[in-house]
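Novice: My questions are about this predicted structure, shown below with the sequence.
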Amino acid sequence: MAGDASAAAVLEVRALSVCYGPAPAVLHGVDLEVPAGAIVALLGSNGAGKTTLLRAVTGLLRFHHGRVTGGAVLLEGSSVGGAEAPARVRRGMAQVMEGRRIFAELTVEENLRAGAITVRDRRRVAELTQEIFETFPQIAERRGSQAGYLSGGEQQMLAIGRALMSSPKLLLLDEPSLGLAPRVVEEVAERISAVGKAGTTVLLVEQNVAMALSVAEFAYVLAAGRVALGGPAAALRHDADVQELYLGNG
Amino acid sequence: MDKFLQLLLSGVALGGIYALVALGFVVVYKSSGAFNFAQGGFVTLGAYMVYQFGGDWGLPFWLGLVLAMLAMAAVGMFLERLAIRPMVGRPAFAVVLITLGLLLVIEQVVRAVWTMPGLVLSVPWGNGRSRLGEVTLRHADLWSMVSAAVLLAAFFGFFRYSRTGLAMRATAADQEAAAAQGISPGRSFAVSWAVAAATAPVAGVMLVSRGGGALSPAVGFTALAAFPAMILGGLDSIGGAVLGGALIGVAEVMSQGYLDVSWLGSNAETVVPYAVMVAVLLWRPEGLLGTRRVERV
């Protein structure tokens, strides 16, 4: 599985436990590894703790009054500790949040520039913007319009483009297929594959298991806050449990 | 007609001052969603600081004004850090009550520090006036218009084109998503408080100069007439603050000039800004230029 100890992992999650306020823990000692250059999928049903795991990795837990009660998150071998989200972005993480969360009142181009807020050199920002527009031609045409007026698919492309603006080592995506038409889901999947091929390490959280397993090399299944299953994507595609629980051909 | 032009000029000048104060409200509201009553106190404190640097310590007026702006920026950041930041994530009304408390504290501090009554702020343009055809231009009005125009344009450019301005707008749109891009929401709050407080000495000087130069802790309460200007323009729109300021200023001065409301008691015209605000809100609840949320259905 992903834990080939010799390959350097970009992201390691060690025995991670998380709870929100006084409520019982949501994650119970989760172990997970994303090797350099790989696309790893994190599957699971609603409420399994997928988004919580992402928040713990990216430092957004505090926006939801959650806290890490045990374990560690390591980026390229060193712990992120209690660093705030912006500091983790500077260390090379970027994410596409669930529901896209683009800045609706800002223009498409301003959304991209906001994604490159950690890049100080203006010329570099202009180059990056150009690259993103070449990768996503459909949003290039809308560069001056308010992002809130884009279609759902275009907003998802913008959210992915915005995350790539910081040239991350690790890209985390939370349910990028949510609410999109099947044709657009395919396009999103293609983009994620392309990002992976370009050398960025990807952790993809999805409920759309078929889509996730089509782009990922490894996958984990999270159930009730624990890793229930993990292995190469090809093996999981043929796993009877996964088929029954998530692919609906049981 | 001359009277009309005369009043219009004076009204626009007053409107410029209101727009400056409203800018302070809008900047903080946009970044943190909190309505900052302490802005009125900033205006008072700022005016007294200019007096302190110039009138008391004898520094050149313009140097004193710049120093007061810097000092107020520091005061704004300090208060944000001390009293507002710990309230992030708490109900907005709690934050608003804290700013109301800050307003009262600042006013008390001003009374305690500058105890001498009858302080006069002297400005380089004094009581000067020029004739333009049939109309008299008070230099105080001219400077109000010029300083408001310069500061508003500078701020607009900063907000629209600078990296920090972009970070502030992103924070205003979605704090969590902004943090996910590497923007520190706390830093955006600090900058917005600094900017809001830095504009206050200018507004304070212009208000005091307009009233003949007499300093009083009540300056801040006059400045709160910018409150309807802000609501009128739309809470989150800088263009709206300018438009609302101009409308309220002109309405106030015109009603002083044309309406005989003395039977309502003295100073009845001070109610006019609020009356205009209520009328506009009945017609457009989001204000003249305020945003209705951008949303695809």
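Specialist: Yep, that arrived.
Novice: where does whichever residue of the stretch 51-200 of chain B sits closest to chain A land in three-state SS?
Specialist: Residue nearest to chain A within the stretch 51-200 of chain B: residue B:182 (3.4 Å; C-beta to the nearest C-beta). In short, each C-beta sits where N, CA and C put it, glycine included. Secondary structure for residue B:182, judged by DSSP: H, G, I helix; E, B strand; the rest coil, is coil.
Novice: where's the closest residue to it other than its chain neighbours relative to residue A:148, distance?
Specialist: In this structure, residue B:182 finds its nearest non-sequential neighbour in residue A:89, 3.4 Å apart by C-beta to C-beta, 6 or more residues apart in numbering or on different chains. In this view, residue A:89 and residue A:148 are 23 Å apart by C-beta to C-beta, to the nearest Å.
Novice: Which of those two has more residues huddled nearby?
Specialist: Between residue A:89 and residue A:148, counting by other C-beta atoms under 10 Å in any protein chain shown, residue A:89 is the more crowded of the two (25 against 16).
Novice: wait, the more buried one sits on residue B:177?
Specialist: No: between residue A:89 and residue B:177 there is no contact under C-beta atoms under 8 Å: 11.8 Å.
Novice: just to revisit the earlier point, dump the residue contacts of the residue of the stretch 51-200 of chain B closest to chain A.
Specialist: Going by C-beta atoms under 8 Å, 6 or more residues apart in numbering or on different chains, residue B:182 touches A:85, A:86, A:89, A:90, A:117, A:118, A:166.
Novice: Look up how far residue B:237 lies from the first one.
Specialist: To tie it back to what came earlier, the one meant is residue A:85. From residue A:85 over to residue B:237 the distance is 29 Å, taken as C-beta to C-beta.
Novice: quick one: which of the two has more around it?
Specialist: Taking other C-beta under 10 Å, residue A:85 and residue B:237 do not tie; residue A:85 has more neighbours (24 against 21).
Novice: Show the model's pLDDT score for the more buried one.
Specialist: Turning to residue A:85, the model gives it a pLDDT of 95.
Novice: quick one: it and residue B:183 touch, right?
Specialist: No: judged on C-beta under 8 Å, residue A:85 makes no contact with residue B:183 at a distance of 9.1 Å.
Novice: Could I get the phi/psi values of residue B:280?
Specialist: Per-residue torsions, residue B:280: phi -70, psi -40 (degrees, to the nearest 10).
Novice: Grab the nearest non-local neighbour of it.
Specialist: By the measure of C-beta to C-beta, 6+ apart, the closest residue to residue B:280 outside its immediate chain neighbours is residue B:232, 5.1 Å from it.
Novice: same question, residue A:46
Specialist: residue A:207 (7.2 Å).
Novice: For the residue nearest to residue B:280, give its distance to residue A:196.
Specialist: The gap separating residue B:232 from residue A:196 is 52 Å, by C-beta to C-beta.
Novice: how about the residues of the stretch 51-200 of chain B near chain A?
Specialist: Proximity of the stretch 51-200 of chain B to chain A, by C-beta under 8 Å from any C-beta of the partner chain, involves residues B:89, B:163, B:166-167, B:169-170, B:173-184.
Novice: In helices, which of those fall?
Specialist: Cross-referencing those against helices under DSSP state H gives B:163, B:166, B:167, B:169, B:170, B:173, B:175, B:176, B:177, B:178, B:179, B:180.
Novice: a markdown table for these, including neighbour count and pLDDT?
Specialist: Below are these laid out as a markdown table (neighbours: other C-beta atoms under 10 Å in any protein chain shown; pLDDT from 0 to 100):
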| residue | neighbour count | pLDDT |
| --- | --- | --- |
| B:163 | 16 | 94 |
| B:166 | 22 | 94 |
| B:167 | 24 | 94 |
| B:169 | 21 | 91 |
| B:170 | 27 | 93 |
| B:173 | 22 | 89 |
| B:175 | 21 | 90 |
| B:176 | 16 | 93 |
| B:177 | 24 | 96 |
| B:178 | 26 | 96 |
| B:179 | 25 | 95 |
| B:180 | 28 | 97 |
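Novice: quick one on the thing from earlier: in helices, which of the contacts of residue B:182 fall?
Specialist: Per DSSP H, the contacts of residue B:182 map to helices at A:85, A:86, A:89, A:90.
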